[in-house]
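Undergrad: Got a predicted structure plus its sequence, pasted below:
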Amino acid sequence: MDIELMINSFPKLLIATITTLKLLSLSLFFGLFIGLLFAIMRLSNNIFLNKFSYCYSYVFRGTPLLVQIFIIYFGLGQIEYLRSTIFWIILREPYWCAIIAFSLNTGAYTSEILRSAFQTIKPGFIEAGKSLGIPKKIIFYKIQIPIAIKQSLPAYGNEIILMLKGTSLASTVTLMDLTGVAKYIISTTFSPIEVFIVAGGIYLFMTFIVHNLIKLLEKKFGYQI
């Protein structure tokens, strides 16, 4: 075991962790809005919106994230029309292609998490709001959404951790995230065990932080509805 290599690799991997955290935070940010939108659509009485949301969730939860990244990064670039549009400014960049793939993927899982949370809300809360003359939109934004978010914390915490580990796939489209830099160091030192132990330790520490933050939020906001 080359301890010196592990020590020397740690600062480089730590710097690369910044890219991993950027990928994670942006993907979760966009994914949360996508998930909320499609959760609302899934609960809609409009059959078109309902089925469209179901198909989106089914496709992105039913196919591997790696395949989704390859289709967006390599596949869309094969369409000549896209290369002549303004969208090509984004789609030609591996960074944004990875974020698009991650956002759509986590959005699909988040939509199902939120949909389940909405369905667990007791009708009495909604009826109480209606009896006070509160408009439906206000009831939804001020009552249903906050309750659904609190109810979904444990499941969403797991999704954050899964997405954190999923960002390692960004290295497959040339991004130098934590895993990408680890692969580069391995290609020059031929010592995969030592480098991956350090990289794995950093991932484990980030998972530990996320896990405990979710636990704190559960204690602060979590209660059974």
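TA: Nice, thanks for sending it over.
Undergrad: buried sites along the helix or strand of the chain with the lowest mean pLDDT?
TA: Lowest on mean pLDDT, DSSP states H and E among the helices and strands of the chain sits helix 123-131, with a mean of 78. Going by neighbour count (16 or more other Cβ atoms under 10 Å), the buried part of helix 123-131 is Ile126, Gly129. From N, CA and C alone the C-beta is placed, and that goes for glycine too.
Undergrad: Could the C-alpha coordinates of stretch 79-99 be exported in CSV?
TA: Output of stretch 79-99 as CSV, limited to C-alpha atoms (Å, rounded to 0.1, in the frame of the first residue of the first chain):
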residue,chain,number,x,y,z
ILE,A,79,-29.0,15.4,-35.1
GLU,A,80,-27.8,18.0,-37.7
TYR,A,81,-30.8,20.3,-37.0
LEU,A,82,-29.8,20.7,-33.3
ARG,A,83,-26.3,21.6,-34.3
SER,A,84,-27.7,24.6,-36.2
THR,A,85,-29.8,25.9,-33.3
ILE,A,86,-29.1,27.9,-30.1
PHE,A,87,-29.5,24.7,-28.1
TRP,A,88,-26.1,23.4,-29.5
ILE,A,89,-24.3,26.0,-27.3
ILE,A,90,-25.5,23.9,-24.3
LEU,A,91,-25.6,20.4,-25.8
ARG,A,92,-22.0,20.6,-27.1
GLU,A,93,-20.7,21.0,-23.6
PRO,A,94,-20.3,17.7,-21.6
TYR,A,95,-20.8,19.6,-18.3
TRP,A,96,-24.3,20.8,-19.3
CYS,A,97,-25.2,17.5,-20.9
ALA,A,98,-24.4,15.7,-17.6
ILE,A,99,-26.5,18.2,-15.7
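Undergrad: now that stretch: mean pLDDT?
TA: Averaging pLDDT along stretch 79-99 yields 90.
Undergrad: Show residues contacting it.
TA: 23, 26-27, 30, 69, 72-73, 76-77, 100, 167, 169-170, 173-175 (Cβ atoms under 8 Å, 6 or more residues apart in numbering).
Undergrad: Pass me the low-pLDDT residue ranges in this structure, would you?
TA: Residues of the chain meeting the criterion pLDDT under 70: 222-225.
Undergrad: can you do 90?
TA: 1-3, 43-45, 76-87, 89, 91, 117-151, 154, 174, 190, 217-225 (pLDDT under 90).
Undergrad: which stretches of it form helices?
TA: Using DSSP state H, the helices of the chain run over 3-43, 47-62, 65-70, 80-83, 88-91, 94-119, 123-131, 136-139, 145-151, 153-166, 178-189, 192-221.
Undergrad: which of those helices is buried the deepest?
TA: Ranked by mean neighbour count, the helices of the chain are led by helix 94-119 with a mean of 22 (mean count of other Cβ atoms under 10 Å).
Undergrad: Run the chain-centre distance for that one.
TA: How far helix 94-119 lies from its chain's middle: 6 Å, per Cα atoms, centre = their mean, to the nearest Å.
Undergrad: any idea how far Pro64 is from Ala182?
TA: Pro64 sits 21 Å away from Ala182, going by Cβ to Cβ, to the nearest Å.
Undergrad: What of Met163?
TA: Distance, Met163 to Ala182, using Cβ to Cβ: 19 Å.
Undergrad: go on, Phe118?
TA: For Phe118 relative to Ala182 (Cβ to Cβ), the value is 40 Å.
Undergrad: next one: Tyr141
TA: 43 Å.
Undergrad: Alright, that wraps it up for me.
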